[in-house]
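Participant: here you go, sequence then predicted model.
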Amino acid sequence: MPKTTLGAKKPVTVTIKISWLLYDIMNETFLRGRTIQNKDNHKEVASMFASEDEENREKILRSVKRAFAEVQTELGEYLNENGTVSDNSNYDGEHDLILNLTMPSNFNEAATMGVGEAVHAYLANVAIADWYMVTNKADADQYYAMANRYMELVRQTVSKRSRPARPTD
């Protein structure tokens, strides 16, 4: 085990690839719509499908921006950012979303992937729930509930700590 300086913090970078996030949102809405489609609801189901069309994309990206801000607030004690400016402009999706975290020296690095996956799932479920508030209210609460479970998983994963190593001297 490498020797660490007492109190040394661990940098952890979580990158959310926007292309994969949008794909997961569109795929989930497609699959959900396909499962409830019948001979009488083609138009309603078609409106459930999120797409890359400009008006759809803007709605989805607005939800993603808001949800990402919620994640940043939740992880505030670990954020290694010095942003003191905010605006209500639309997120254009041209760049990936990045969290630069500074974790305690005993953070269990095995949880790093879990942090990224939980953040991704939280963002996707919030965006789907917001989308369904407009296109499929019957399923919106289910996706908000899933998003809440993933936010709890974000909290749990950043709280993972490693057991102290016994000195070898």
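Facilitator: On my side now, so go ahead. Bear in mind the structure is a predicted one, so any value in this text is a computation, not a measurement.
Participant: stretch 55-75: how far from the chain's middle?
Facilitator: Taking the mean of its C-alpha atoms, stretch 55-75 sits 9 Å from the chain's own mean (CA atoms, centre = their mean, to the nearest Å).
Participant: helix, strand or coil for Thr102?
Facilitator: strand (DSSP: H, G, I helix; E, B strand; the rest coil).
Participant: okay, now it: neighbour count?
Facilitator: Neighbours of Thr102 under the rule other CB atoms under 10 Å: 14. C-beta here means a position set from N, CA and C on the backbone, and glycine is covered the same way.
Participant: if it is in a bridge, with which residues?
Facilitator: Thr102 forms beta bridges with Pro11, as assigned by DSSP bridges.
Participant: so which helix or strand of this structure has the lowest pLDDT on average?
Facilitator: Least confident helix or strand, the chain: helix 42-48 with a mean of 79, by mean pLDDT, DSSP states H and E.
Participant: list the buried ones in that helix?
Facilitator: Of the residues in helix 42-48, 45, 48 count as buried by neighbour count, 16 or more other CB atoms under 10 Å.
Participant: and what of stretch 53-64?
Facilitator: Residues 56-57, 59-61, 63-64 are the ones in stretch 53-64 that count as buried (16+ other CB under 10 Å).
Participant: swap in stretch 24-40?
Facilitator: 24-26, 28-29, 32-33.
Participant: would you turn those into JSON lines with distance to Glu74?
Facilitator: JSON lines is the format used below for the buried residues of stretch 24-40 (distance: CB to CB, whole Å):
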{"residue": "Asp24", "distance to Glu74": "21"}
{"residue": "Ile25", "distance to Glu74": "20"}
{"residue": "Met26", "distance to Glu74": "26"}
{"residue": "Glu28", "distance to Glu74": "23"}
{"residue": "Thr29", "distance to Glu74": "25"}
{"residue": "Arg32", "distance to Glu74": "27"}
{"residue": "Gly33", "distance to Glu74": "31"}
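Participant: now, these that are in helices?
Facilitator: Within these, residues falling in helices by DSSP state H are 24-26, 28-29, 32-33.
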